[in-house]
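In: The following block contains a protein sequence and its predicted model.
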Amino acid sequence: MKNKLLILNGPGLSDLSVYDEFYGEITLKEIEKKCTEVCSEHNIELDFRQTDDEDELFGFLLKDSEKFDAVIINPVGYSHALTAEFARYRLAIKTLTLQKKPVTEVHIANIFKQGSDITKPLQVPEGEMGFVSGLGVYSYVIAINAISKKLNQHT
């Protein structure tokens, strides 16, 4: 049976051209294509999503993630917001990690680069969560490879 991976992309990723300074010339379609290729190599079924709607992203994370064995999330600018909604995301991710589902946060750009004010990490210290930043499309590739290894440890 194939493992199922949900990749969630948050607000701002629908058009990466406005972020060329950080992301270079890459499109979300190219990222999805690369993720599909890597998942295929690992015999993982992929559901790749993007939404600019914060409630929809939270719904994907909270409800739809139950159908998946692992989740990769690129929260983009939403993780920069310091709101009560941000706490909802952290709680949902913590719940997934406590269920022993691999969860990895990815960022295309290096969010720790000096002078960069792109976003902040979700920081879920209570659960076991991976983090990859600053490697462009390869942030996703590394996350998928790591998740594949983790899922195969359990079979």
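Out: Right, received. Where do you want to start?
In: Would you tell me what the next helix or strand after the lowest-mean-pLDDT helix or strand in the chain is?
Out: Using mean pLDDT, DSSP states H and E, the weakest-scoring helix or strand in the chain turns out to be helix 20-23, at a mean of 57. Remark: after helix 20-23, the chain's next helix or strand is helix 28-41, criterion DSSP states H and E.
In: so what does the next helix or strand after that next one touch, helix or strand wise?
Out: Following helix 28-41 in sequence order, the next helix or strand is strand 44-50 (DSSP H and E). Packed against strand 44-50 by the contact rule (3 or more CB pairs under 8 Å, 6 or more residues apart in numbering; DSSP states H and E) you find strand 3-9, helix 28-41, helix 137-153. All C-beta spots, glycine's among them, are computed from the backbone N, C-alpha and C.
In: Show me what the longest one is packed up against.
Out: Read it as helix 137-153. Helix 137-153 sits against strand 3-9, helix 28-41, strand 44-50, strand 70-74, strand 103-107, strand 129-133, with contacts defined as 3+ CB pairs under 8 Å, 6+ apart.
In: circling back: Throw the helices and strands packed on strand 44-50 into CSV and include mean neighbour count and mean pLDDT, thanks.
Out: Formatted as CSV, the helices and strands packed on strand 44-50 follow (neighbours: other CB atoms under 10 Å; pLDDT from 0 to 100):
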stretch, mean neighbour count, mean pLDDT
strand 3-9, 23, 95
helix 28-41, 16, 95
helix 137-153, 18, 94
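In: pLDDT weak spots in this structure?
Out: 17-24, 77-86, 112-128, 154-155 (pLDDT under 70).
In: Now with 50, please.
Out: 80 (pLDDT under 50).
In: Roughly how far does the residue most central in space within the chain sit from Asn43?
Out: The geometric centre of the chain, computed from its C-alpha atoms, lies nearest to Ile73 (CA atoms, centre = their mean), at 1.8 Å. Using CB to CB, to the nearest Å, Ile73 is found at 22 Å from Asn43.
In: Same check on Lys34?
Out: 17 Å.
In: One more: Lys67?
Out: As judged by CB to CB, Lys67 and Asn43 stand 18 Å apart.
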